[in-house]
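S.K.: A structural model of the following input is requested.
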Amino acid sequence: MDAAFLYGKTGEEDQLTSDIFGLIRYLPPDLVLWPFLKRAECFVKNDLVQLDKQIGFPPVRAKYFFWPSAHVMAKSEVDRALDRQPDLLILLSDSAGHFAALVTEIKYRGFKHNIDPRGQEETEDRAVAISTGDKAEPDPLDLSESNGDQLADYLRALQRDAISLRSGGARSSRMVASVEEEDARQQERLSAVPGDKRFLLYLTDDASPPMKEIEDTRKSFSSSSWPKAAGHLFWLGWTSLYEVVEQRLAGLSESENNLQLILRDILRLLDARDLHAFGGWRGAFSELPIPTPSYFWNPQWFSNLDSLDVRLTGGVRFWKNAGDLER
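M.R.: Alright, predicted model coming up:
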């Protein structure tokens, strides 16, 4: 499915989101999505349980909702409420009626889009400075803190049940009604997801967790609430997805041709954007053009020094100290 077209998206990151997850949505969750989520790293390095353990069940169904709306409340009269759009929301469920929700922010050669709550867009080099003050009964995730950091905003919106699914493009009234009816059912299911089963996933093209961006997000929470919030924030790299798809493709039988086609297309799309794992120096050198013979210096350049009023002591060397030359 070309979700970017349906939602009027033209950016490179949006097209990547549409290309990859538009294919993954046709796969059973246990083939690619679940092994991929098992690789997610928590924002804080401690003994917190990893994402798959926190979800608590292997999903048998996964619903993908592109570019939902996230409403971020204003902290004060000076600030303004924000309506933002994370790239993807994944609703997981099993046959026993358990649900979990993942808001996914996707980056490709880009940084977080932070916004000053007073209206000025932030750059990746300027963190959002926030002071929360003392609260008699603080929320476990400090949801009343100022908005501005992209990842913190999305997590707060998800925890407040302020994520609204968007239907995307449709022309006929019949199709519009069908899509909106399905979205309304899924919206009810999203609202029923327990707070401890709501997570934010940050997917980037970094080889390791982007520590500066994570640190900026940490500053959006108080020191007391950050460990709780960080337990719901996870990071993944695109190369992990490439590795998972490659491994799963190798395990398919010849009879599973339809699945093979989808996995090969995913690998091809990732490879075309250079979002694959490092294949080692041998593979990298094999892709380089064969160099032409060249020399840093030619010994013949130093074979005839008679025309110079210079006498060198000792043998000829490329580098000489000034004291070795005698006129």
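S.K.: which residue is nearest the middle of the protein?
M.R.: Per CA atoms, centre = their mean, the C-alpha nearest to the average position across the chain is that of L203, at 1.4 Å.
S.K.: can you dump the C-alpha coordinates of the one helix or strand that one maps to into PDB?
M.R.: If you go by DSSP states H and E, L203 is part of strand 198-204. Extracted C-alpha coordinates of strand 198-204, given in PDB (Å, rounded to 0.1, in the frame of the first residue of the first chain):
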ATOM      1  CA  ARG A 198       1.700   2.000  25.700                       C
ATOM      2  CA  PHE A 199       5.200   2.600  24.300                       C
ATOM      3  CA  LEU A 200       7.100   4.900  22.000                       C
ATOM      4  CA  LEU A 201       9.600   3.500  19.500                       C
ATOM      5  CA  TYR A 202      12.300   5.700  17.900                       C
ATOM      6  CA  LEU A 203      13.600   4.200  14.600                       C
ATOM      7  CA  THR A 204      16.600   5.900  13.100                       C
END
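S.K.: Who does it pair with, and is each partner parallel or antiparallel?
M.R.: Strand 198-204 has the following strand partners under DSSP bridges: strand 99-106 (parallel), strand 233-237 (parallel).
S.K.: Show me the strands in the stretch 1-150 of the chain, by range?
M.R.: 41-42, 61-66, 69-72, 82-84, 88-93, 99-106 (DSSP state E, counting those that start in this stretch).
S.K.: Where among those strands is average confidence lowest?
M.R.: Within those, the stretch with the lowest mean pLDDT is strand 82-84, showing a mean of 77.
S.K.: Just send the strands paired with strand 198-204 back as CSV, with mean neighbour count too.
M.R.: From N, CA and C alone the C-beta is placed, and that goes for glycine too. Shown next, in CSV, are these (neighbours: other CB atoms under 10 Å):
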stretch, mean neighbour count
strand 99-106, 22
strand 233-237, 23
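S.K.: how about those strands in JSON lines, adding distance to L88?
M.R.: Below are the strands paired with strand 198-204 laid out as JSON lines (distance: least, CB to CB, whole Å):
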{"stretch": "strand 99-106", "distance to L88": "4"}
{"stretch": "strand 233-237", "distance to L88": "12"}
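S.K.: Go through those and name the closest to E41.
M.R.: Shortest distance between E41 and the strands paired with strand 198-204, using CB to CB, is found for strand 233-237: 5.2 Å.
S.K.: what about that closest one, distance to the chain center?
M.R.: 7 Å (CA atoms, centre = their mean, to the nearest Å).
S.K.: Report the backbone C-alpha coordinates of that strand in PDB.
M.R.: What follows is strand 233-237, C-alpha atoms only, in PDB (Å, rounded to 0.1, in the frame of the first residue of the first chain):
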ATOM      1  CA  LEU A 233      10.800   4.800  25.300                       C
ATOM      2  CA  PHE A 234      12.800   2.500  23.000                       C
ATOM      3  CA  TRP A 235      15.200   2.800  20.100                       C
ATOM      4  CA  LEU A 236      15.800   0.700  17.100                       C
ATOM      5  CA  GLY A 237      18.100   1.100  14.100                       C
END
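S.K.: Quick check: next helix or strand after that strand?
M.R.: Using DSSP H and E, the helix or strand that follows strand 233-237 towards the C-terminus is helix 238-250.
S.K.: who does that following helix touch, helix- and strand-wise?
M.R.: In terms of contacts (3 or more CB pairs under 8 Å, 6 or more residues apart in numbering; DSSP states H and E), helix 238-250 is packed against helix 33-37, helix 257-272.
S.K.: Tabulate the ones you listed (JSON lines), appending mean neighbour count.
M.R.: Listed next are the helices and strands packed on helix 238-250 as JSON lines, based on neighbours: other CB under 10 Å:
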{"stretch": "helix 33-37", "mean neighbour count": "21"}
{"stretch": "helix 257-272", "mean neighbour count": "15"}
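S.K.: got those helices as JSON lines, with distance to S167 and mean pLDDT columns?
M.R.: Shown next, in JSON lines, are the helices and strands packed on helix 238-250 (distance: least, CB to CB, whole Å; pLDDT from 0 to 100):
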{"stretch": "helix 33-37", "distance to S167": "23", "mean pLDDT": "97"}
{"stretch": "helix 257-272", "distance to S167": "25", "mean pLDDT": "96"}
